[in-house]
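S.K.: 3D model of this:
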Amino acid sequence: EVWFTTKNKSGPECDLRNIPRAALEQMLTIAKCEIISSMSNSHVDAYVLSESSMFLSKRRIVLKTCGTTTPLDCLEKMIWLVKKFTGYDMVEDVFYSRKNFQRPDLQLSPYRSFER
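M.R.: Numbers count the residues shown, from 1 in each chain. Take a look at the predicted model:
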């Protein structure tokens, strides 16, 4: 989960949902998953992924993954896309958790433990 903000409080309207789907698809290939389907309403864009789901609201991206995906690997691309398409220029908060951490031996590094 990544929250974004901007230094320029009087700037144009910022919204993470302005990132084009094709750009999101490229970002997700880095995390080793892909978009299967999507739905939108006035508050959030929701994506069913090959390995779980992703949600984009005005200020927050939630990338929920499972299996052997590598969500941390796409953070750099995510931040670049946000700066390019949304008007946000700062990461406000990042939250990472791994519920039901099972079979760490099957995970790629650095996803094998919380030691790093």
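
S.K.: so Ser38 touches Asp45, yeah?
M.R.: Yes: assessed by CB atoms under 8 Å, Ser38 is found in contact with Asp45 at 6.5 Å. Every C-beta, even on glycine, is put in place using the N, C-alpha and C of the backbone.

S.K.: so if I had to pick from these two, which one is more boxed in?
M.R.: For Ser38 and Asp45, the more surrounded residue by other CB atoms under 10 Å is Asp45, and the numbers stand at 18 against 15.

S.K.: what pairs with the worst-scoring helix or strand of the chain on mean pLDDT, parallel or antiparallel?
M.R.: Every helix and strand of the chain was ranked by mean pLDDT, DSSP states H and E. The lowest is strand 60-65, at a mean of 90. Take DSSP bridges as the rule and strand 60-65 pairs in its sheet with strand 2-5 (antiparallel), strand 52-56 (antiparallel).

S.K.: which residues sit against the shortest one?
M.R.: Judged by CB atoms under 8 Å, 6 or more residues apart in numbering, the contacts made with strand 2-5 from elsewhere in the structure are 14, 16, 59-61, 63, 75, 78, 82, 86, 88, 90-95.

S.K.: same question for stretch 15-26.
M.R.: 4, 34-35, 38, 40, 45, 47, 54, 56-61, 77, 81-82, 85-88.

S.K.: gap between the two ends of that stretch?
M.R.: By CA to CA, to the nearest Å, the extent of stretch 15-26 from end to end equals 19 Å.

S.K.: could you list the buried residues of that stretch?
M.R.: Leu16, Asn18, Ile19, Ala23, Leu24 (16 or more other CB atoms under 10 Å).

S.K.: want to try CSV for the residues you listed, with secondary structure, pLDDT and distance to Pro71 as columns?
M.R.: Below are the buried residues of stretch 15-26 laid out as CSV (DSSP: H, G, I helix; E, B strand; the rest coil; pLDDT from 0 to 100; distance: CB to CB, whole Å):
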residue, secondary structure, pLDDT, distance to Pro71
Leu16, helix, 96, 16
Asn18, helix, 96, 21
Ile19, coil, 97, 16
Ala23, helix, 98, 16
Leu24, helix, 97, 13
